[in-house]
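Visitor: can't give you the sequence, but here's the structure:
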């Protein structure tokens, strides 16, 4: 059994970022990591652009101007504008070449075809120069940037349709257990609804991992061995839910040994999630997670998700850790480190009721995990605790 920090280090040492690059449409690149710098193909804006609804002026010395026309956003003409003349202009429209400034519509009075200024103006006011945001050939986004919604919009404004990103791993989830039935089926005595696969797939989806396949296997050695072998051959990451303990019908560990995977560790000195198993074979990473739902999800956030983020090219791949003041009193019952479901608000953290490894209700209400190292045995209100923020 390895300590938590040792287990984290072993995962970090063995997981390597992918070198595989794929080309995606910008609209489908959310959450991916850029594999190369992106240079802007154009100036943005590509022309002098009005930042306001107002009037473009041919000079700045006069107080009264002759109104000679208008320019809308999308117009491709460049009307001539002389001293003492004004053109009605709208936000985003191209500013005429001779225009000296743009004045907001609220700061003028228009009588017949005359524009009368209510205050003095400055040159180039309310005009966005060509290339103000970025100039053609400059770096728009650097390698390693995680593409978010704003990034997608930004690239679209530059006319970029496809980008090169690091490939995300393909993932198999294998749920084990004779007692598990789908939620659509009526329960018989001794059965429970299978929740781990949908829970894990939802956690994956939240973090942008959607290339996920599901398998269900009963507690039978040959079937377990066969489906794990198939998954190892076909997927980058295999997540096995349940069957990793030492019961008479827990066949995952035996199957993995017989498949000659490279076991890196089995069992971590933590609660929940003691039976966590980590291995690799060829180019596939394997995590066998405890069957108890809260244990499974805790191990996912602490170990699996950072591994997936690192594979996908993230530079900062662990969940954010902070320290916060405890609202709660809590006593540990053993010597293992603990991950406790908690509610974090305004730098105060409350340890929730219902910490058993089989209970998800408290997890459904949690937005953080409190980490208590092995040496911490008791928490008092006012103590400053290490808090891991959940996605």
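Guide: Happy to help now that I have it. Keep in mind that what you see is a predicted model, and the values were worked out from it rather than measured.

Visitor: chain center to stretch 226-234: distance?
Guide: Distance of stretch 226-234 from its chain centroid, counting by C-alpha atoms, centre = their mean, to the nearest Å, is 28 Å.

Visitor: actually stretch 300-316, sorry about that
Guide: Computed by C-alpha atoms, centre = their mean, the chain-centroid distance of stretch 300-316 equals 11 Å.

Visitor: what's the first-to-last distance across that stretch?
Guide: Chord length of stretch 300-316, first to last residue, is 17 Å (C-alpha to C-alpha, to the nearest Å).

Visitor: Buried residues of that stretch, list them for me.
Guide: Within stretch 300-316, the residues scored as buried using 16 or more other C-beta atoms under 10 Å are 300-314. All C-beta atoms are positioned from the backbone trio N, CA, C, and that covers glycine.

Visitor: average pLDDT across it?
Guide: What stretch 300-316 shows for mean pLDDT is 98.

Visitor: The buried residues of stretch 300-316 in helices, which ones?
Guide: Among the buried residues of stretch 300-316, the members found in helices (DSSP state H) are 305, 306, 307, 308, 309, 310, 311.

Visitor: Make a markdown table out of those residues and add distance to residue 335.
Guide: Formatted as a markdown table, those follow (distance: C-beta to C-beta, whole Å):
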| residue | distance to residue 335 |
| --- | --- |
| 305 | 26 |
| 306 | 25 |
| 307 | 27 |
| 308 | 30 |
| 309 | 31 |
| 310 | 30 |
| 311 | 33 |
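
Visitor: Relative to residue 199, which of those is nearest.
Guide: residue 305 (13.1 Å; C-beta to C-beta).

Visitor: ok, that closest one touching residue 205?
Guide: No: using C-beta atoms under 8 Å, residue 305 is not in contact with residue 205; the gap is 12.0 Å.

Visitor: in the stretch 251-391 of the chain, which spans are helices?
Guide: Ranges of helices in the stretch 251-391 of the chain, per DSSP state H, counting those that start in this stretch, are 252-258, 293-299, 305-311, 361-365.

Visitor: which other residues reach the first one?
Guide: The contact list for helix 252-258 (C-beta atoms under 8 Å, 6 or more residues apart in numbering) reads 176, 221, 224-225, 228, 240, 242-244, 246, 263, 266, 277, 279, 286, 288.

Visitor: And the shortest one, by the same measure?
Guide: Outside of helix 361-365, the residues that reach it under the criterion C-beta under 8 Å, 6+ apart are 293, 294, 297, 341, 343, 352, 353, 354, 355.

Visitor: So how do I select the buried members of these in PyMOL?
Guide: Selection of buried members from the contacts of helix 361-365 for PyMOL, criterion 16+ other C-beta under 10 Å:
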select buried, resi 293+294+297+341+343+352+355
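
Visitor: Tabulate the contacts of helix 361-365 in JSON lines, adding columns for pLDDT and distance to residue 21.
Guide: JSON lines is the format used below for the contacts of helix 361-365 (pLDDT from 0 to 100; distance: C-beta to C-beta, whole Å):
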{"residue": "293", "pLDDT": "92", "distance to residue 21": "36"}
{"residue": "294", "pLDDT": "94", "distance to residue 21": "37"}
{"residue": "297", "pLDDT": "97", "distance to residue 21": "31"}
{"residue": "341", "pLDDT": "98", "distance to residue 21": "38"}
{"residue": "343", "pLDDT": "98", "distance to residue 21": "41"}
{"residue": "352", "pLDDT": "97", "distance to residue 21": "42"}
{"residue": "353", "pLDDT": "95", "distance to residue 21": "47"}
{"residue": "354", "pLDDT": "93", "distance to residue 21": "44"}
{"residue": "355", "pLDDT": "94", "distance to residue 21": "43"}
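
Visitor: first to last residue in stretch 262-275, what's the distance?
Guide: Separation of the first and last residues of stretch 262-275 by C-alpha to C-alpha is 17 Å.

Visitor: no, scratch that, I was asking about stretch 233-245
Guide: So stretch 233-245: terminal residues 24 Å apart, C-alpha to C-alpha.

Visitor: What is the neighbour count of residue 205?
Guide: 11 (other C-beta atoms under 10 Å).

Visitor: so who does the nearest residue in space to it that is not next to it in sequence touch?
Guide: Counting by C-beta to C-beta, 6 or more residues apart in numbering, residue 212 is the residue found nearest to residue 205 once chain neighbours are left out, at 7.8 Å. By C-beta under 8 Å, 6+ apart, residue 212 lies in contact with 170, 171, 172, 173, 201, 204, 205.

Visitor: Mind giving me the ChimeraX command for buried ones among those?
Guide: Buried residues within those, by 16+ other C-beta under 10 Å, are selected in ChimeraX with:
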select :170,171,172,173,201,204
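
Visitor: Which members of the contacts of residue 212 are the farthest-apart pair?
Guide: Comparing every pair within the contacts of residue 212 by C-beta to C-beta identifies 172 and 205 as the most remote, at 15.1 Å.
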